[in-house]
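# sequence? don't have it. structure:
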């Protein structure tokens, strides 16, 4: 089956209304970031009640959880040695002062300078729009009855807002999941090649206390930290994207 045939088969099944309904349903199930981070019970409850049943309804039979509690579902014959993994996240920012954070209200986007409708709710522009799109894409492919000779992997991690890599590490290193290509939920309605990357660096700056009347007898750790940041910014430019030889970001 060529690209044109695939497009002709799938496009009639893609529904804007279905994607909207999925997003509203996901918003109505709270999955906030709390002080418990990935150990927050509401995150596992969200995956168990809002994600797993939908995957089973599509036809996923192989659904399990890794040691951390991340959902891993697989579909396809697995005979072609080709695989694609979709990675979604459960965690969203806490509701804070947002009105009706879990109602999924649909409003006119004109008030926000946007065309058409907007779905309001915590997570709508974070993880849940991505999850809704992924779920609809997968159900569309499976409903088309196209034979999947490779392996389709759907992962919903407990992470999302902590900036840690523990959940994905658990899926890849702990559960041993591998794929030829991975699509992660992004922003801006675009799929980008690669990722700008991230390095977490922990620096300890030590000082020495003294009386305010004799500051020369002490060492100000705040001044030292400021100097460390100045030197870092002088040597490492972070004001523009870095491109590799292939031109991707």
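Right, received. Where do you want to start? Note that the coordinates shown come from a computational prediction; the quantities given were computed from them, not determined experimentally. Residues are numbered from 1 along each chain as shown.
# so which residues of the protein form helices?
Here the chain has its helices, by DSSP state H, at 3-10, 16-27, 41-46, 52-58, 128-143, 166-169, 221-235.
# number of nearby residues for the closest residue to residue 203 other than its chain neighbours?
Sequence neighbours aside, residue 228 is the residue nearest to residue 203 in space, at 6.1 Å (criterion: CB to CB, 6 or more residues apart in numbering). Any C-beta I mention is one placed from the backbone N, CA and C, and that applies to glycine too. Residues near residue 228, counting by other CB atoms under 10 Å, number 12.
# now swap in residue 23 and tell me
What residue 23 shows, counting by other CB under 10 Å, is a neighbour count of 24.
# circling back to that earlier point, just name the most buried of the helices of the chain.
Highest mean neighbour count of the helices of the chain: helix 128-143, a mean of 21 (counted as mean count of other CB atoms under 10 Å).
# report the angle between that one and helix 3-10.
100 degrees (axes from the mean of the first three to the mean of the last three CA atoms, to 10 degrees).
# can you give me the mean pLDDT across helix 128-143?
Averaged across helix 128-143, the pLDDT comes to 95.
# ok, now stretch 198-211?
On average, stretch 198-211 scores 89.
# from here on, call the first residue 48.
Noted, 48 is the first residue going forward, which turns the last one into stretch 245-258.
# kindly check the end-to-end length of it for me.
Length of stretch 245-258, first residue to last, CA to CA, to the nearest Å: 40 Å.
# again, but for stretch 131-145
Stretch 131-145: ends 36 Å apart by CA to CA.
# cool, and stretch 79-93?
OK, stretch 79-93 end separation, CA to CA: 10 Å.
# which residues are in contact with that stretch?
The contact list for stretch 79-93 (CB atoms under 8 Å, 6 or more residues apart in numbering) reads 76-78, 115-116, 137-142, 169, 205-209, 211, 213-214.
# make a PyMOL selection of the buried ones in those residues.
Restricted to buried positions by 16 or more other CB atoms under 10 Å, the PyMOL selection for these reads:
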select buried, resi 76+77+78+115+116+137+138+139+169+205+206+207+208+213+214
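# quick one on the thing from earlier: hang on, the residue nearest to residue 250 packs against residue 251?
No - taking contacts as CB atoms under 8 Å, residue 275 lies outside contact range of residue 251: 10.1 Å.
# I figured residue 265 hits residue 259, correct?
No - contact status for residue 265 versus residue 259: not in contact, 9.2 Å apart, counting by CB under 8 Å.
# more crowded one of those two?
Counted by other CB under 10 Å, residue 265 and residue 259 do not tie: residue 265 has more neighbours, with 13 against 6.
# so what's the more buried one up against?
254-257.
# tell me which of those residues fall in strands.
Assignment to strands by DSSP state E places none of the contacts of residue 265 there.
# what's the closest of those to residue 154?
Residue 154 has its nearest neighbour among these in residue 254, at 51.8 Å by CB to CB.
# count the neighbours of the closest residue to residue 167 other than its chain neighbours for me.
Counting by CB to CB, 6+ apart, residue 152 is the residue found nearest to residue 167 once chain neighbours are left out, at 4.5 Å. When neighbours are defined as other CB under 10 Å, residue 152 has 13 of them.
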